[in-house]
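A.B. asks: Curious how this folds, go ahead:
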Amino acid sequence: MGLQVGIVGLPNVGKSTLFNAITNSKVEAANYPFATIEPNVGVVEVPDRRLDNLAKIFGSKKTIYTTIEFVDIAGLIAGASKGEGLGNAFLANIRETDAICEVVRCFDSKDITHVEGSVDPIRDVEIIELELILSDEASVKKRLAKVEPKFKSTKEKNIIAEYNLLKKCEQQLSEGKLLNKLDFDSEEESLLRSFQLLTTKKIIYVANVSESEILSDNDYVKKLKDYAKENNCEVVKISARIEEELSELDSEEKEVFLQDAGIEEPGLEVLIKAAYKTLGLKTFFTAGPIEARGWQFKNGYTAPQCAGIIHTDFEKGFIKADVYKCEDIFELGSEQALKASGKIRLEGKTYLVEDGDVCFFKFNN
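C.D. replies: Just a heads-up that it's a prediction; the model follows:
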């Protein structure tokens, strides 16, 4: 399935430092606007101790984790949609992402300039989202200009549906509101996906704090959390500097670093959990001596749909699936023990796969 998350933010908020850290890549992170011009793309494995345990039990030769692709684009500034700074053309690079991660600065520093002259996370969020709204508004108007002449001279249902949906979007955007605040029916949602509009996407706020403030919320973070709660969004608090230090360490050194700092889990893992929660994503597993593998799926997927994630032929020819909870094999130690205790279930086409299920799909060629 491949989860994609676009990272946006004003210049000098720690956006590229965070990107460098979570993807362990080296992108210029300078203390001046527009240090990042071309989009940077990094793919990270989603750490999952359950998969590690399955690989040990089965003696798997390979362990394949699910992944998230992060797309980091140049810093936005007020007026980007009108050509200020680098303009808004680069926003096209995140139109195909599943969610948008808005990085906002929540720390004071005399050494790092802020493009707006002061630290104010809510103002920064409003600047970012206004630019996204204006970018979408321009896209909708451009599309309307092509569709409207056809709409006036046709009775085709698809043209009428597209025109009505575009007008609905135009109205919302003209009021300065995100499209993800609107309700759409299933037909509208299907059509809307083809528009690739930015403000239809789920939003996660990332509060970048200083190293000394990672364990408690400062006033900036509290304000951002209140704002996010009102807008039904997730907030992840991260210190980009700490993540940068962690990215240089091996797994054992990371554990020691986190324990010494009193941090429960790395910011990357917290961000991944927030992305999964925001997008309604879960993980099922396949495991054997050749490989143990995690697969992303959306909440509400049936067994045939999950089989189709592995291969489309698996969905088409789906018969049944052997399913058990990964916790059960961790407790009992083998599939033989699971069978003996009746823990392996035979599920059919209507079964809704759950997070942590281990599946073996049976299908006709």
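
A.B. asks: backbone phi and psi for residue 233, please?
C.D. replies: The phi/psi pair for residue 233 (degrees, to the nearest 10) reads phi -120, psi 160.

A.B. asks: who's the closest residue in space to it that isn't next to it in sequence bridged to?
C.D. replies: Among residues not flanking residue 233 along the chain, residue 203 sits closest, at 5.2 Å (C-beta to C-beta, 6 or more residues apart in numbering). C-beta here means a position set from N, CA and C on the backbone, and glycine is covered the same way. Residues in a beta bridge with residue 203, per DSSP bridges, are residue 100.

A.B. asks: OK, contacts around residue 203?
C.D. replies: 99, 100, 101, 102, 129, 178, 180, 231, 233, 278 (C-beta atoms under 8 Å, 6 or more residues apart in numbering).

A.B. asks: and if we set it to 10 Å?
C.D. replies: Counting by C-beta atoms under 10 Å, 6 or more residues apart in numbering, residue 203 makes contact with 8, 99-102, 125, 128-129, 132, 178, 180, 228, 231-234, 278.

A.B. asks: Mind jotting down where the helices sit in the stretch 1-150 of the chain?
C.D. replies: Taking DSSP state H, counting those that start in this stretch to define them, one finds helices in the stretch 1-150 of the chain at 15-23, 49-58, 121-152.

A.B. asks: What confidence value was assigned to residue 229?
C.D. replies: For residue 229, the model assigns a pLDDT of 95.

A.B. asks: which residues touch it?
C.D. replies: Counting by C-beta under 10 Å, 6+ apart, residue 229 touches residue 235.

A.B. asks: Looks to me like it is in a helix.
C.D. replies: Yes. Assessed by DSSP: H, G, I helix; E, B strand; the rest coil, residue 229 belongs to a helix.

A.B. asks: what separates it from residue 235, distance-wise?
C.D. replies: To residue 235, residue 229 is 8 Å away according to C-beta to C-beta, to the nearest Å.

A.B. asks: do the same with residue 63
C.D. replies: 32 Å.

A.B. asks: what does residue 304 give?
C.D. replies: Residue 304 is 36 Å from residue 235, by C-beta to C-beta.

A.B. asks: again, but for residue 357
C.D. replies: 30 Å.

A.B. asks: Which parts of the stretch 201-350 of the chain are strands?
C.D. replies: Remark: strands assigned in the stretch 201-350 of the chain by DSSP state E, counting those that start in this stretch are 202-208, 234-238, 281-287, 291-298, 318-325, 345-347.

A.B. asks: Need the contact partners of the fifth one.
C.D. replies: Spelled out, that is strand 318-325. 284, 302-308, 314, 331-332, 335, 338-339, 341, 343-349, 351, 353-364.

A.B. asks: and that strand, average pLDDT?
C.D. replies: Mean pLDDT, strand 318-325: 96.

A.B. asks: Export that strand to PDB, keeping only CA atoms.
C.D. replies: The C-alpha trace of strand 318-325 is given here as PDB (Å, rounded to 0.1, in the frame of the first residue of the first chain):
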ATOM      1  CA  PHE A 318      -9.800 -16.000  -2.500                       C
ATOM      2  CA  ILE A 319     -11.300 -19.100  -0.800                       C
ATOM      3  CA  LYS A 320     -10.500 -18.900   2.900                       C
ATOM      4  CA  ALA A 321      -7.900 -17.700   5.300                       C
ATOM      5  CA  ASP A 322      -6.200 -19.300   8.300                       C
ATOM      6  CA  VAL A 323      -6.000 -16.500  10.900                       C
ATOM      7  CA  TYR A 324      -4.600 -16.200  14.400                       C
ATOM      8  CA  LYS A 325      -3.500 -13.500  16.800                       C
END
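
A.B. asks: shouldn't residue 101 be in contact with residue 72?
C.D. replies: Yes. Shown here, residue 101 and residue 72 form a contact pair, counting by C-beta atoms under 10 Å, at 9.4 Å.

A.B. asks: Any stretches of this structure with poor pLDDT?
C.D. replies: Flagging of the chain using pLDDT under 70 yields the residue ranges 1, 25-39, 74-90, 113, 116.

A.B. asks: how much space is there between the residue of it positioned farthest from its centre and residue 297?
C.D. replies: Distance from the C-alpha centroid of the chain, by C-alpha atoms, centre = their mean, peaks at residue 153 (41.1 Å). According to C-beta to C-beta, residue 153 and residue 297 sit 44 Å apart.

A.B. asks: Also residue 237?
C.D. replies: For residue 237, the distance to residue 297 - C-beta to C-beta - is 28 Å.

A.B. asks: ok, now residue 230?
C.D. replies: 30 Å.

A.B. asks: ok, the two, which is more surrounded?
C.D. replies: Using other C-beta atoms under 10 Å as the criterion, residue 230 and residue 297 rank with residue 297 on top: 22 against 8.

A.B. asks: For the more buried one, give me its contacts.
C.D. replies: 1, 66, 280-284, 305-306, 308-309, 353-355, 357.
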